[in-house]
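**Q** build me a structure from this.
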Amino acid sequence: MNHLYSTRVRAVGGRSGTIRSDDGILDMALAMPRELGGKGGATNPEQLFAAGYAACFENAVIHVTRGTDNRVGDKDIEVETEVGLVPNEAGGFVLAVAMDVTIAGISQEVAEQIVAAAHAVCPYSNAIRGNIDVATTVHTR
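**A** Predicted coordinates:
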């Protein structure tokens with residue numbers, strides 16, 4: 001498979017360790033959230049997933065509107081993504097995602113169509129489809 005882009009990140013020490021990308025741009029400590037009994041004070045995998053999904057989804061919205069009458073620019077969209085860790089029946093855990101999307105300058109109906117189209121092309125949406133519940137709310141301003 002031809003990759004358009006590929007990156008590599010090394011994690012050491014699990015949820016209380018460190019992460020570092022192969023180019024060194026991402027280089028930080030991790031900490032178990034206080035809500036899970038940890039010390040907090042550093043990022044965690046759920047925050048990183050929420051950040052990546054929000055940024056990627058914003059770009060998917062911009063992508064699907066290129067060449068249309070409803071073109072969305074960088075400053076026209078805001079995505080807030082909440083990632084929750086939920087226990088499952090097997091004694092493990094699953095993720096739940098709530099995504100709040102706000103798009104400026106278009107009608108509610110068009111915004112909802114754009115968000116649906118973005119879910120079809122966003123790599124994160126495609127990766128988790130059928131495995132993680134994603135509740136999406138769409139707003140206009």
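**Q** let me see the ranges of the helices in this structure.
**A** 45-65, 108-121, 123-128 (DSSP state H).
**Q** now do the second one, average pLDDT.
**A** To tie it back to what came earlier, the one meant is helix 108-121. Mean pLDDT, helix 108-121: 98.
**Q** neighbours of the nearest residue in space to residue 49 that is not next to it in sequence, how many?
**A** The shortest distance from residue 49 to any non-neighbouring residue, by C-beta to C-beta, 6 or more residues apart in numbering, is to residue 83 (5.2 Å). To be clear about C-beta, it is placed using only N, CA and C from the backbone, and glycine gets the same treatment. Residues contacting residue 83 under the criterion other C-beta atoms under 10 Å number 21.
**Q** same deal with residue 30?
**A** For residue 30, using other C-beta under 10 Å, the count is 20.
**Q** any idea how far it is from residue 47?
**A** From residue 30 across to residue 47, the span is 9 Å (C-beta to C-beta, to the nearest Å).
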